[in-house]
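Colleague: Just the structure for this:
(one chain, ligands or ions: 1)
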Amino acid sequence: MEKLHKSVIRATDIAAQFWCEKQMELGYIYGRKESPQMRSGSEAHKEIETMVNIPLKLKPESYADSFYKNLYAGYLAFSTLGERGIAREISIYGSANGFKIAGKLDEIRLEDGEILVYEDKTKGSDKEPTQAQLSSHAVQVQLYVKMLKDIKSNSYSVEDFTRSYRIDSLKVTPGFAKQLKEAGVEGQHATITEVAKEYFNEIIKAPRISDVARLRYTFTPTGRVIKTYDIKYDEGEFSKKMSYALGYWRGERGAKPVDESEKWKCNYCQFFGKQCKVWYVDRQKVL
Ligand code: SF4
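Modeller: Below is the predicted model of the structure:
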């Protein structure tokens, strides 16, 4: 955590560890190149968020303001899920072995009385994802299910959250407080501590979190859904995966490169032959 200047592990970091841990680490050290596909993917996310969510015209001016806005948007998403049936781009928080974990749920839907987590992945080709892509992405949605279940069962409580993020010491800026007042947000939602309580309460009160989540792959140029996969969450199996992933963050081992059987992944890696030469063979000089 110190080496990568991090205080929070993102759910996408954990998923990336199951693609190539070394690549995930190098991404933090040297920066990740954003491909046109990644860019159009995040634009598509933004567009659907605007269509589906309750419009929230708050402009954060500081870290505390953004924190407030994320919690408030999450509170609104869960408190209106019963009537709207769907919400998008919801911040989620949790903890594993003392590490703070955070992520963003692409979508939640109310289906047959349960909450289903959906994760969207965009692809530049209209082919179905490989098993390797699926396995890494599945970890991300399983982690989201775990985080929601942890809040619901109070194994990750608002008190844990308040303590670990030092919520009580965070104050929104006067400019943001004015925006809240103008938007009619007052009373029980006036401070970050209060809005955090409401966010946690809404998840606790919400319907059961389904043990099945969905991974949805879309072909970026046309927006067509290529395929949606059901991903099962099993607490026992998932905790084994997490305990392996956290071994890296605890500093018990270095970042693991891909195994030889998966060295084909290196062909798609920006660090191949540069910062990572694990599977790189220098070309022989022709004499
Ligand atoms: S070159 Fe291969 S082993 Fe090295 S970081 Fe990239 S994917 Fe991982």
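
Colleague: how much space between Gln131 and the ligand?
Modeller: Using Cβ to the nearest ligand atom, to the nearest Å, one obtains 16 Å as the distance from Gln131 to the ligand. All C-beta spots, glycine's among them, are computed from the backbone N, C-alpha and C.

Colleague: Over to Lys146?
Modeller: From Lys146 to the ligand the distance is 26 Å (Cβ to the nearest ligand atom).

Colleague: and what of Leu71?
Modeller: Counting by Cβ to the nearest ligand atom - Leu71 and the ligand are separated by 35 Å.

Colleague: try Leu170
Modeller: Distance from Leu170 to the ligand, by Cβ to the nearest ligand atom: 36 Å.

Colleague: Quick check, pLDDT for that residue.
Modeller: On pLDDT, Leu170 comes in at 92.

Colleague: contacting residues around it?
Modeller: Tyr63, Ala64, Phe67, Ile192 (Cβ atoms under 8 Å, 6 or more residues apart in numbering).

Colleague: Next to the ligand, which bits of the protein? Give me the list.
Modeller: 20, 22-23, 26, 257-258, 265-266, 269, 271-272, 276, 278-279 (Cβ under 6 Å from any ligand atom).

Colleague: Let's see the ChimeraX selection covering just the buried ones among those.
Modeller: Only the buried members of the residues of the chain next to the ligand enter the following ChimeraX selection, criterion being 16 or more other Cβ atoms under 10 Å:
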select :20,22,23,26,257,258,265,266,269,271,272,276,279
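
Colleague: Mark which of the residues of the chain next to the ligand are part of strands, please.
Modeller: With strands taken from DSSP state E, there is no overlap with the residues of the chain next to the ligand.

Colleague: Which of the contacts of Leu170 ranks first by neighbour count?
Modeller: Among those, Ile192 has the most neighbours (other Cβ atoms under 10 Å), with 22 neighbours.

Colleague: That one contacts Thr173, doesn't it?
Modeller: No. Ile192 lies out of contact with Thr173 (Cβ atoms under 8 Å); the separation is 11.8 Å.

Colleague: Overlap in contacts, the two.
Modeller: With Cβ under 8 Å, 6+ apart, Ile192 and Thr173 have common neighbours Ala64.

Colleague: which stretches of the stretch 151-287 of the chain aren't confidently modelled?
Modeller: The stretch 151-287 of the chain contains residues with pLDDT under 70 at 186-188, 283-287.

Colleague: Identify the residues contacting the residue of the stretch 51-200 of the chain found nearest the ligand.
Modeller: Going by Cβ to the nearest ligand atom, the ligand is nearest to Ala132 of the stretch 51-200 of the chain, at 10.9 Å. When contacts are counted by Cβ under 8 Å, 6+ apart, Ala132 touches Trp19, Glu262, Lys265.
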